[in-house]
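Q: coords please:
(chains A and B)
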Amino acid sequence: MTAGWLQIFVFAAIIGLLTRPLGGFLTRVYAGERTFLQPLIGPIEATLYRLAGVKPEIEQGWHRYTASFLVFHAFGIIALYTLLRLQSILPLNPQELSAVAPDLALNTAVSFVTNTSWQSYGGETTLSYASQMAGITVQSFLSAASGMAVAVALIRGFARRRSFTIGNFWVDLTRGTLYVLLPICIVAALLLVAQGVPQTLAPSAGMTTLDGGTQVIARGPVATQEAIKLLSGDGGGFFNANSAHPFENPTPLTNLMEMVLIFAIGAALTNCFGRMVGSERQGWILLGVMAILFGLGVGGLYLSEARSNPALTDLNVNGTTSLQQPAGNMEGKEVRFGIAGSALFANVSTASSDGAVNAMHDSFLPLSGGILLANMMVNEVIVGAPGSGLYGMLLFCVVTVFLAGLMIGRTPDYIGKKIGTPQIKMSILALLCVPATTLGLTAIACVVEPGLAGLGNAGPHGFSEILYAYTSASATNGSAFAGLSTNSLFYNFTLAFAMFVGRFLVIIPVLAIAGSLAAKQIMPRSPGTLPTDQMLFACFLFGVIIIVGGLTYLPAAALGPIVEGIQLLGGAIY
Amino acid sequence: MGFEIHIILEATKLKSPVGMLDVTMLALVVVCFALAQAYASMCENLLAPPANGDVAS
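A: Prediction:
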């Protein structure tokens, strides 16, 4: 197990080392300052503004910023839907795939525009190269850039004083895409190609197997989609098997690289936050809380999966680790990644909002599945996707200072901004709409025929499959528990609704908070101020996240992974 | 308007890849975003300072 822990430690160390330099770079990008990419990208940026009629120097209030955000994404959904429906008559379709069905096209369009990447389809058997490149990949870039824009707008809300604007959505979107996402993706795609990930427009290859049979090997422009799939926190794979497929994630090195790509921007944004509000320590406190939550998750997951499945132990299966076998629960895992590589990837993927998988989450032991669910149930604040992790965490910060203020009789303020009733209302609105949608839709799916028809397993495991699907969709994660067949009218619509709520009904109150805070004066720290850059606040914040997440979801979790885990000890399997 | 609807209906009878279901889906998207915009307006109202002047400065 030492090698496994070492792998986890190396990953954490790389993220820790990247946070400050990348955070500094993000700060310069969103402050409109000159970066080393300026000579190359500056002219492209200026041309885009000219073509779109955007005046970068004119900023927007929160309402206009929100309207721009909504209009942009409405067009995104319509464009992607249209592309999926017309793919059969468009070029770059060497496999001559038919048009995507209307309900599936809607689900997919909402999924990628909301940065969820829930996939009710098999990538290589459903989407043409044109749909993958001009549809899925483009929306991965844009949804990540818009998430980062929202986070930066909220940071400006904390950092500015008596301002009626929070930035220009179009400028933030453009700069995030051009200066951050594109350059990193170009480098990442080249590295992936060097490791064996295909990048071609040639059709699938027909091969003759050793026993004379034929096999079709799917390929395509995988590396470019893979890079942004991970960096964007999107997670929608080119292949159905996602990062478990050897063409998406061929080696242990690419496995590590993919996890770093998933976490890099989310972690760096905490540093960007600290810099923009004038105290990097504030950012480190947030990252510290994220790290503790992450550590608990990955530790529990690794320990749980490293043990043998109790059902196999009862059958006297040798579960001892040796040079011949990795032991532990290897069901649904790739041997080239092993227990640690799979457990770490699964935790990274669910803690962030990415949702890529390199092992089948349905095959994890029940309590491990519970940890994956818990990661998503805390509103994806453990680093999260670019932007969504930070603004989710800042919502919890607002609630924490309010609760702490009530408990100890101190003025509720955060980073010098007094937190009033409107900000609390907005935070609660944003934090409650996700569990309300998740639990409501799960309850409906458990009692209606179309919901039950998709189940692959009975009992608590079946319930976990449904709960996981709606949790993943509402939290804009996109990973699937498998086992549940969701390509049906019922699931395509209800999951699309969950994704819509999880993205837009959270972001709107976030931008409202940004606008209301930006208009306030920054108050000097007084003896009555709760210091938010110290360990005491980190403990408060940690407690609020656990209690809010725990109280909201514990009854549902008890019906799924918890009861299944207990029953497994008695030999019951589902 | 009636003529336009007639054209849309006729188009669906042809072997066009676009059908009535597509029009319904796209209309649904527009309605959802209109509701989201209304939700934003509701947030704006909630942010408005109360009449008794209890506002954080």
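
Q: The residue of the stretch 151-300 of chain A found nearest chain B in helix, strand or coil?
A: In the stretch 151-300 of chain A, the residue that lies nearest chain B is residue A:162 (10.0 Å; Cβ to the nearest Cβ). In short, each C-beta sits where N, CA and C put it, glycine included. Under DSSP: H, G, I helix; E, B strand; the rest coil, the three-state class of residue A:162 is coil.

Q: Was I right to think it contacts residue A:521?
A: Yes. With contact defined as Cβ atoms under 8 Å, residue A:162 reaches residue A:521; the gap is 5.9 Å.

Q: pretty sure residue A:567 is touching residue A:460, no?
A: Yes. Assessed by Cβ under 8 Å, residue A:567 is found in contact with residue A:460 at 7.0 Å.

Q: between those two, who's got more neighbours?
A: Taking neighbours as other Cβ atoms under 10 Å in any protein chain shown, residue A:567 and residue A:460 compare with residue A:460 leading, 23 against 16.

Q: would you say that one is within a helix?
A: Yes. Residue state for residue A:460 (three-state DSSP) corresponds to a helix.

Q: ok, now how distant is the residue lying closest to it once chain neighbours are set aside from residue A:457?
A: Spatial nearest neighbour of residue A:460, chain neighbours left out: residue A:564 (4.0 Å); criterion: Cβ to Cβ, 6 or more residues apart in numbering or on different chains. Distance of residue A:564 to residue A:457, given as Cβ to Cβ, to the nearest Å: 10 Å.

Q: what do you get for residue A:422?
A: Applying Cβ to Cβ, the value for residue A:422 to residue A:457 is 45 Å.

Q: For those two, indicate the residue with more neighbours.
A: Neighbours were counted for residue A:422 and for residue A:457 using other Cβ under 10 Å; residue A:422 has more, 20 against 17.

Q: Remind me which helix or strand the more buried one belongs to.
A: Following DSSP states H and E, the helix or strand that holds residue A:422 is helix A:421-447.

Q: what about that helix and chain B, any contact?
A: Yes. Legend: contact between helix A:421-447 and chain B by Cβ under 8 Å from any Cβ of the partner chain is shown at A:421, A:422, A:423, A:425, A:426, A:429.

Q: now the fourth one: how far from residue A:419?
A: Separation of residue A:425 from residue A:419 (Cβ to Cβ): 11 Å.

Q: Can you list the low-confidence ranges for chain A?
A: Across chain A, the ranges flagged by pLDDT under 70 are A:323, A:326.

Q: So which residues on it come close to chain B?
A: Selection of chain A residues close to chain B by Cβ under 8 Å from any Cβ yields A:63, A:66-67, A:70-71, A:73-74, A:77-78, A:81, A:85-86, A:88-89, A:99, A:102-103, A:105-106, A:109, A:418-423, A:425-426, A:429, A:500, A:504-505, A:508-509, A:512, A:515-516, A:520-521.

Q: sorry, back to before: which ones are touching the residue of the stretch 151-300 of chain A closest to chain B?
A: Residue A:162 sits next to A:519, A:520, A:521 when contact means Cβ atoms under 8 Å, 6 or more residues apart in numbering or on different chains.

Q: Could you dump the residues you listed into JSON lines and include secondary structure?
A: Compiled in JSON lines, those are given as follows (three-state DSSP):
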{"residue": "A:519", "secondary structure": "coil"}
{"residue": "A:520", "secondary structure": "coil"}
{"residue": "A:521", "secondary structure": "coil"}
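
Q: Just the buried residues from these, in PyMOL please.
A: Buried members of the contacts of residue A:162, defined by 16 or more other Cβ atoms under 10 Å in any protein chain shown, are picked up in PyMOL with:
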select buried, chain A and resi 519+520
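
Q: Residue 40: which element?
A: Just going to use chain A. helix A:38-52.

Q: Chain B is the one I meant
A: Secondary structure from DSSP H and E places residue B:40 in helix B:20-47.

Q: and if you look at residue A:22?
A: Assigned by DSSP H and E, residue A:22 falls in helix A:2-30.

Q: by contact count, what packs against that helix?
A: helix A:169-175, helix A:252-276, helix A:280-306, helix A:338-351 (3 or more Cβ pairs under 8 Å, 6 or more residues apart in numbering or on different chains; DSSP states H and E).

Q: wait, which of those helices is closest to residue A:13?
A: When those are compared by Cβ to Cβ, helix A:252-276 sits nearest residue A:13, at 10.6 Å.

Q: For that closest one, buried residues please.
A: Those would be A:254-276, for helix A:252-276 by 16+ other Cβ under 10 Å.

Q: Off-centre distance for it?
A: In this view, helix A:252-276 has its centroid 12 Å away from the chain centroid, taken as Cα atoms, centre = their mean, to the nearest Å.

Q: That helix versus helix A:280-306: what angle between them?
A: Angle of helix A:252-276 versus helix A:280-306, following axes from the mean of the first three to the mean of the last three Cα atoms, to 10 degrees, is 150 degrees.

Q: and the angle from helix A:252-276 to helix A:2-30?
A: 40 degrees.

Q: And for the closest residue to chain B within chain A, the neighbour number?
A: Evaluated by Cβ to the nearest Cβ, chain A has residue A:420 as its residue closest to chain B, separated by 3.3 Å. As a burial measure, residue A:420 scores 21 neighbours (other Cβ under 10 Å).

Q: Backbone torsions only: list them for it.
A: Dihedral angles of residue A:420 (phi, psi; degrees, to the nearest 10) stand at phi -110, psi -170.

Q: I'd like the distance between the residue nearest the centre of chain A and residue A:378.
A: Chain A has residue A:353 as the residue nearest its centroid, 1.2 Å off, counting by Cα atoms, centre = their mean. Per Cβ to Cβ, residue A:353 is found 12 Å from residue A:378.

Q: now do residue A:201
A: In terms of Cβ to Cβ, residue A:201 sits 41 Å off from residue A:378.

Q: When these two are compared, which one has more neighbours?
A: More neighbours surround residue A:378 than the other of residue A:201 and residue A:378, with 23 against 11 (other Cβ under 10 Å).

Q: ok, and the closest non-adjacent residue to that one?
A: Among residues not flanking residue A:378 along the chain, residue A:549 sits closest, at 4.1 Å (Cβ to Cβ, 6+ apart).

Q: Who are the contact partners of that neighbour?
A: Residue A:549 sits in contact with A:374, A:377, A:378, A:379, where contact means Cβ under 8 Å, 6+ apart.

Q: Would you confirm that the third one contacts residue A:545?
A: Yes. If you go by Cβ under 8 Å, residue A:378 and residue A:545 touch, sitting 5.4 Å apart.
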